[in-house]
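*Asks:* Model the structure of this input:
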Amino acid sequence: MSMEKLKNFNPAVFASVMGTGAVAIASHRYSAYWKPLKDFGVILTYLNILLYVVLLVLWLLRWFLYRKEALEDLRHPSKGHFYGTSGAATIVLSSQLGLILKDIALSWYLWLWGLVLTFIFAFWMSYEVFIAGEVDLRQLSPAWYIPPVALVIVPFGAVFMKTTSGYLNQLVVVVNYLSWGAGFFLYLVLYSIVTLRFIRHELLPPQMAPLIWMNLGPVGASVSALFALIKNSTIPIPEGPFIVFAFFIWGLGFWWLVMATAMTLHYIRNLHLPYSSSWWAFIFPLGAFTNATLDVGSAFGLSVMNAFGFLLLLALLGLWTVTVLKILPALRKNS
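*Replies:* So this is what the prediction gives:
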């Protein structure tokens, strides 16, 4: 990579790690329907480790060599939110290591690193928005959901509530619960504002159309994170009400799945849907909702939901494959 490309390095690149991780986890969990999916999930996990290391090195180099440009992106009302993908991607990869590779020790350290990144950018980005003055409503997009998503997936590491003890255990418990609460309810606030932008102003430009799917990200991730808290909690909680609440959250996600599909077809038929790096916005949100569907279906013994989730997985695999095939020529061109 040339120095000029490093200078303009896109902070949103970690969305590829988030998306690939979501596909790997969903493949692993749905392998009961088709056994090769389990091996596919393992392959994607190793691929994701390599991808993450490469992107992290480039990301850190940019901070050291081009700090001015990195800070300018962070303070941008649109670009800044993509910095949240770094922490989110780290936690997703941590979940892969624990769930798929069964490497709890490495998963723990990666989760801690993801926790640091998540909290830094979740608070920093909000601070920058608050002190920036008036922000044009047209600049709002579902990309604003990224910091809440990063917070709400922190409980993907809820298993560490059972592997720690003493004051460290108490700290892990507090961090998991406060992260879910802060992330989910912050998402609801931003959901209202971003929805207002959709109502009052023109559609997003065609190259940003996939961002519509990002509504599925915080919804799906919130459901799976809530189930992780219920399963691993070391403090007494009433499981029943929270499981029902998760079902209600899933219902909001289903509404957005239909809406996002309809809007995407509108772009294809009436406008245009060009390939861009924003296509990764299709992947993680749909992957999160696919995993959430299995969580809810399994909790209530609804095999019809699990079957629906498997159909979502097939669509997810197709979208991931197309996105990767589309990005390869661009990588060869830039190499």
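
*Asks:* only C-alpha atoms for contact and neighbour calcs from this point on.
*Replies:* Noted.

*Asks:* all helices of the chain, in order?
*Replies:* 3-7, 15-29, 36-65, 67-74, 84-99, 104-131, 146-152, 166-200, 216-232, 239-270, 280-300, 303-334 (DSSP state H).

*Asks:* would you list those in TSV and tack on mean pLDDT and mean neighbour count?
*Replies:* TSV is the format used below for the helices of the chain (pLDDT from 0 to 100; neighbours: other CA atoms under 10 Å):
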stretch	mean pLDDT	mean neighbour count
helix 3-7	87	13
helix 15-29	98	27
helix 36-65	97	16
helix 67-74	92	16
helix 84-99	97	27
helix 104-131	93	18
helix 146-152	91	31
helix 166-200	94	16
helix 216-232	97	25
helix 239-270	96	15
helix 280-300	97	25
helix 303-334	89	15
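
*Asks:* hang on, residue 114 packs against residue 93?
*Replies:* No: with contact defined as CA atoms under 8 Å, residue 114 does not count as touching residue 93 (9.3 Å).

*Asks:* hey, C-alpha coordinates of stretch 118-130 in PDB?
*Replies:* The C-alpha coordinates for stretch 118-130 follow below in PDB (Å, rounded to 0.1, in the frame of the first residue of the first chain):
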ATOM      1  CA  THR A 118     -15.300   0.300  22.000                       C
ATOM      2  CA  PHE A 119     -15.500   2.600  25.000                       C
ATOM      3  CA  ILE A 120     -13.000   5.100  23.600                       C
ATOM      4  CA  PHE A 121     -14.900   5.600  20.300                       C
ATOM      5  CA  ALA A 122     -18.400   5.300  21.700                       C
ATOM      6  CA  PHE A 123     -17.800   8.200  24.100                       C
ATOM      7  CA  TRP A 124     -15.400  10.200  21.900                       C
ATOM      8  CA  MET A 125     -17.700  10.200  18.900                       C
ATOM      9  CA  SER A 126     -20.700  11.300  21.000                       C
ATOM     10  CA  TYR A 127     -18.600  14.000  22.500                       C
ATOM     11  CA  GLU A 128     -17.500  15.300  19.100                       C
ATOM     12  CA  VAL A 129     -21.100  15.400  17.900                       C
ATOM     13  CA  PHE A 130     -22.200  17.300  21.000                       C
END
